[in-house]
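*Asks:* sequence first, predicted coordinates after that:
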Amino acid sequence: MEARMKNPATIIPAAQKPIMELMKAAQSGGLSKELAEMIHLRVSQINGCSFCADAGYKSLRKLGETDERIGLISAWRETPYYTDAERAALELAEEATRLADNPAGVTDRVWDNAADHFDEQQLASILLITAATNLFNRLNAPIRQIAGTW
């Protein structure tokens, strides 16, 4: 396997710091590190970004998450391993990632469910983590960034 080019943020170094600052800010909104990484992993799976999915998997392992919770995150709806709050966050992240699949963007049902579990700062964190992950995915997937190489 070979990447098509170096990561755009390394080619244009002025981009790297603000991108990393965005993710740092996103992670300061009161979510657990585990939930933030679950969102990162799930969004990366949806977008087919092997580099980011690999990074999310490794981060969750370091945080002590179980094999079941990591390995079955793509099937979170059908497994008993996630709390109602985690399910609400994952569903919000999924709909915010798949905006083209629904003319309403994020449905009221999904938004209201997430708002039942998270305050405004935490909702902002979910959305910023989702957006930053989508940015990472859109930089890494087109260049075929190889998992584990950064």
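*Replies:* That came through fine.
*Asks:* which residues touch the longest helix seen in the chain?
*Replies:* Identified as the longest helix of the chain according to DSSP state H is helix 120-143. Here helix 120-143 makes contact (Cβ atoms under 8 Å, 6 or more residues apart in numbering) with 3-9, 19, 22-23, 25-31, 36, 39-40, 43-44, 47-52, 89, 92-93, 96-97, 114-115, 118, 145. The way it works is simple: take the backbone N, C-alpha and C, and place the C-beta from them, glycine included.
*Asks:* do the same with stretch 21-31
*Replies:* Defining contact as Cβ under 8 Å, 6+ apart, one finds that stretch 21-31 is touched by 33, 36, 89, 118-119, 121-122, 124-126, 128-129, 131-132, 135-136.
*Asks:* switch to 10 Å and redo it
*Replies:* Contacts with stretch 21-31, where a contact means Cβ atoms under 10 Å, 6 or more residues apart in numbering, come from 33, 36-40, 85, 89, 118-133, 135-136.
*Asks:* same question, stretch 6-15
*Replies:* Stretch 6-15 is contacted by residues 5, 16-20, 51, 135-136, 138-140, 142-143, 145, 149-150 when judged by Cβ under 10 Å, 6+ apart.
*Asks:* now stretch 69-87
*Replies:* Contact with stretch 69-87 is made by 31-32, 34-35, 37-39, 41-42, 45-46, 53, 56-61, 63, 65-66, 68, 88-91, 94, 113-114, 116-118, 122, as judged by Cβ under 10 Å, 6+ apart.
*Asks:* host element of the most centrally placed residue in the chain?
*Replies:* Taking Cα atoms, centre = their mean, the centroid of the chain lies closest to residue 40, which sits 2.1 Å from it. Take DSSP states H and E as the rule and residue 40 turns out to sit in helix 33-47.
*Asks:* check contacts around residue 20.
*Replies:* Residues in contact with residue 20 (Cβ under 10 Å, 6+ apart) are 9, 132.
*Asks:* check the secondary structure at it for me.
*Replies:* helix (DSSP: H, G, I helix; E, B strand; the rest coil).
*Asks:* now restrict the contacts of stretch 6-15 to buried residues only.
*Replies:* 51, 136, 139-140, 145 (16 or more other Cβ atoms under 10 Å).
*Asks:* make TSV from these and add distance to residue 77 and pLDDT to it.
*Replies:* Output for the buried ones among the contacts of stretch 6-15, formatted as TSV (distance: Cβ to Cβ, whole Å; pLDDT from 0 to 100):
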residue	distance to residue 77	pLDDT
51	26	94
136	24	94
139	29	94
140	26	93
145	29	89
